[in-house]
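> next one to model:
(one chain, ligands or ions: 1)
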Amino acid sequence: MTSPDTVDVAIIGGGAAGTLTAVHLLRTGRPVRVAIVERTDRLGRGIPYSTTNPRHLMNVPASGMGGLAGRPGHLVEWCAAQGEPVEGAAFVSRPLFGRYLVALLRDAIAGAAVAPLAVRDDAVAVSRSGGRLRVALAGGGEIDATRVVLATGTPPAADLPLPAGAWPRDPARYLTDPWAPGALEALAGDDILLLGTGLTTVDVALRLSEQRPSARIVAISRPGLLPVTHRWPEGAIEIGYRPPPPGTTLREQARAFRAAVAAARARGADMPTRSTPCARIRSDLGGPPDADRRRFLRRYARYWLIHRSRMAPAASGWLQELRDAARLRIMAAAITSVADDGDGPAVRLRPRGGGAVETLRVDAIVNCAGPADSPFAGDSPLYRSLRAAGLARPHPLGLGMDTGPGGAVLAADGRPSGLLYTLGWLRRGELWESIAIPELRDQAGELAAVLS
Ligand SMILES: Cc1cc2nc3c(=O)[nH]c(=O)nc-3n(C[C@H](O)[C@H](O)[C@H](O)COP(=O)(O)OP(=O)(O)OC[C@H]3O[C@@H](n4cnc5c(N)ncnc54)[C@H](O)[C@@H]3O)c2cc1C
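Purely as a prediction, here's the structure:
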């Protein structure tokens, strides 16, 4: 057996979060030995920015999407330096953003004191090894690291619970990972049901409608609400809203939020969500769990999400064209059963607010409802090993993992680890808003300061 590679920092996951962590570490100019472990060929881009479809747009204007901490305008500067100038107000394509991330990493490597190790493999376990950590790889290799950063992004989608029946087992009939290369192309038939009405559904509906000119798509969720359309920059109007004072109840915050949304939109403005009650709800989520926070997750989070993760205006227009052509239908409904007799799934739906139960016969179903809440819920060997070793534990709200300031992972005994760190989606329980590029770049900058 070969001896393990030895590094200062091993980053598991080479999507935007892992890449920006490596970029910030390498840019410190200090001789930090870094390994990035990525199981796919998407190093630098991760899931959202590996798409080659130019209609897959960023959902935030370019002016705030720079990847370097303290430099939100860096993407716009980079585009200009490439000879491809973009307006700060533009919603650039995700393929372009993927190129930007890859370029950031390439440039950071070129200027680094020590070249990093890029490892194409699956990290399957992390264990203690003396005062360090050892990362085991599916291919049999090992990496000894002084510190490890978990940048594994979101876990796979969880099956929605079904009152009766079962989800089909054939991936051509029921697809759980719409990002798997070639999976959408392999779906059976043109009548397709999408579970969920969020941003993943927007992506998948656009891709399917291009791939299959005769596709008839139905997308369902309980509220049946698509993400709100951005009105930026025309809508970037100061609405003079101030968050409610401390001690305001959740119900009062929600009422204030709805009133502020209505007032903003009546004036043609977007909600500047960072200065609204959402910000308060988010910081409230950072404390110990209580009934209010659970109620927020149960009752309000879905409405909050459609305002927080909005759609680029062009994407909204393309969807509307599909709806006008009766190629896309959005339904507010709950699934009561699924039966598969070989002719394609028969899905029984109960419309929201009553009405007759409807049976929809489709060729295939795609789960676009988003990831499971906890990385520990599925069958990930990596997260099983972390838990078994007492190195990590789930967040009490069931969101991501339990973490402390600076992204330190909390061990089974609740103490912050000095060895294991994380960023992005896995800090959702602590921070709630911890997934978009601005959050990732700031967290990556903080991590680099601690780890270098
Ligand atoms: C469709 C979509 C559109 C989005 N659009 C925007 C947007 O416009 N603006 C914005 O700010 N945010 C957007 N987001 C949010 C987005 O999640 C973040 O911007 C960012 O891409 C998250 O990066 P990540 O590295 O955490 O996750 P990922 O991109 O999922 O990367 C994680 C990586 O870790 C690897 N990995 C996981 N486990 C292991 C393991 N055990 N061993 C080795 N490798 C492993 C995976 O292969 C993957 O490449 C979007 C998200 C989605 C899904």
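> where is the longest strand in this protein?
In the chain, taking DSSP state E as the definition, the longest strand is strand 328-340.
> could you list the buried residues of that strand?
Within strand 328-340, the residues that count as buried by 16 or more other C-beta atoms under 10 Å are 328, 330-333, 335-338, 340. (Glycine included, C-beta is placed from N, CA and C.)
> three-state assignment of P95?
Here P95 is recorded as helix under DSSP: H, G, I helix; E, B strand; the rest coil.
> which pLDDT does the model give it?
In this prediction, P95 carries a pLDDT score of 97.
> for it, what are its contacts?
For P95, the contacting residues are 49, 51-54, 56, by C-beta atoms under 8 Å, 6 or more residues apart in numbering.
> export these as a markdown table, with columns for distance to the ligand, pLDDT and neighbour count.
Output for the contacts of P95, formatted as a markdown table (distance: C-beta to the nearest ligand atom, whole Å; pLDDT from 0 to 100; neighbours: other C-beta atoms under 10 Å):
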| residue | distance to the ligand | pLDDT | neighbour count |
| --- | --- | --- | --- |
| Y49 | 6 | 96 | 24 |
| T51 | 8 | 92 | 18 |
| T52 | 14 | 92 | 9 |
| N53 | 11 | 91 | 13 |
| P54 | 14 | 93 | 11 |
| H56 | 7 | 93 | 23 |
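> okay, and which of the residues you listed map to strands?
Nothing among the contacts of P95 maps onto strands, per DSSP E.
> from those, which single one is nearest A259?
Closest approach between the contacts of P95 and A259, by C-beta to C-beta: H56, at 33.9 Å.
> burial measure for the nearest residue to that closest one once chain neighbours are set aside, as a count.
Setting aside the residues directly before and after it, H56 is nearest to R94 in space (C-beta to C-beta, 6 or more residues apart in numbering), at 4.5 Å. By the criterion of other C-beta atoms under 10 Å, R94 has 22 neighbours.
> circling back to that earlier point, Serialize the buried residues of strand 328-340 to a markdown table and add fields for distance to T229 and pLDDT.
Formatted as a markdown table, those follow (distance: C-beta to C-beta, whole Å; pLDDT from 0 to 100):
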| residue | distance to T229 | pLDDT |
| --- | --- | --- |
| L328 | 15 | 97 |
| I330 | 14 | 97 |
| M331 | 19 | 95 |
| A332 | 18 | 96 |
| A333 | 23 | 95 |
| I335 | 27 | 95 |
| T336 | 31 | 93 |
| S337 | 34 | 94 |
| V338 | 32 | 96 |
| D340 | 36 | 87 |
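> helices and strands around the helix or strand that contains G429, which ones?
Assigned by DSSP states H and E, G429 belongs to helix 428-431. Contact analysis of helix 428-431 by 3 or more C-beta pairs under 8 Å, 6 or more residues apart in numbering; DSSP states H and E lists helix 277-285 as its packing neighbours.
> buried set for the helix or strand following the longest strand of the chain?
Counting by DSSP H and E, the element after strand 328-340 in chain order, helix or strand, is strand 345-351. Within strand 345-351, the residues that count as buried by 16+ other C-beta under 10 Å are 345, 347-350.
> strands paired with strand 345-351, and their directions?
Here strand 345-351 is paired, per DSSP bridges, with strand 328-340 (antiparallel), strand 358-361 (antiparallel).
> per-domain residue ranges of this protein.
5-156+373-451, 164-227+311-367, 250-307 (automatic domain parsing).
> most tightly packed of those domains?
domain 5-156+373-451 (a mean of 19; mean count of other C-beta atoms under 10 Å).
> gap between the two ends of that domain?
When the termini of domain 5-156+373-451 are compared using C-alpha to C-alpha, to the nearest Å, they are 18 Å apart.
> pLDDT on the host helix or strand of A449, on average?
Following DSSP H and E, one finds A449 within helix 437-451. Averaging pLDDT along helix 437-451 yields 96.
> check stretch 191-207 too.
The average pLDDT for stretch 191-207 rounds to 95.
> hmm, who's touching the longest strand of the chain?
Contacts of strand 328-340 (C-beta under 8 Å, 6+ apart): 160, 162-168, 173, 195, 197, 205, 209, 217-226, 319, 322-323, 345-353, 357-358, 365.
> and stretch 178-195, anywhere near the ligand?
No: counting by C-beta under 6 Å from any ligand atom, the ligand is not contacted by stretch 178-195; separation bottoms out at 7.8 Å.
> just the C-alpha atoms of that stretch, please, in PDB.
What follows is stretch 178-195, C-alpha atoms only, in PDB (Å, rounded to 0.1, in the frame of the first residue of the first chain):
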ATOM      1  CA  PRO A 178     -31.900  15.600 -13.000                       C
ATOM      2  CA  TRP A 179     -28.200  16.700 -13.100                       C
ATOM      3  CA  ALA A 180     -26.900  13.200 -13.900                       C
ATOM      4  CA  PRO A 181     -25.300  13.500 -17.300                       C
ATOM      5  CA  GLY A 182     -27.600  12.100 -20.000                       C
ATOM      6  CA  ALA A 183     -30.400  11.300 -17.600                       C
ATOM      7  CA  LEU A 184     -33.000  13.700 -19.000                       C
ATOM      8  CA  GLU A 185     -32.300  12.500 -22.500                       C
ATOM      9  CA  ALA A 186     -33.000   8.900 -21.400                       C
ATOM     10  CA  LEU A 187     -36.500   9.600 -20.000                       C
ATOM     11  CA  ALA A 188     -39.400   7.700 -21.500                       C
ATOM     12  CA  GLY A 189     -41.900   9.700 -23.600                       C
ATOM     13  CA  ASP A 190     -43.100  13.300 -23.800                       C
ATOM     14  CA  ASP A 191     -45.600  13.500 -21.000                       C
ATOM     15  CA  ILE A 192     -43.500  14.400 -18.000                       C
ATOM     16  CA  LEU A 193     -44.300  15.300 -14.400                       C
ATOM     17  CA  LEU A 194     -41.900  17.500 -12.500                       C
ATOM     18  CA  LEU A 195     -42.100  17.400  -8.700                       C
END
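> and stretch 358-370, how far apart are its ends?
End-to-end for stretch 358-370, by C-alpha to C-alpha: 24 Å.
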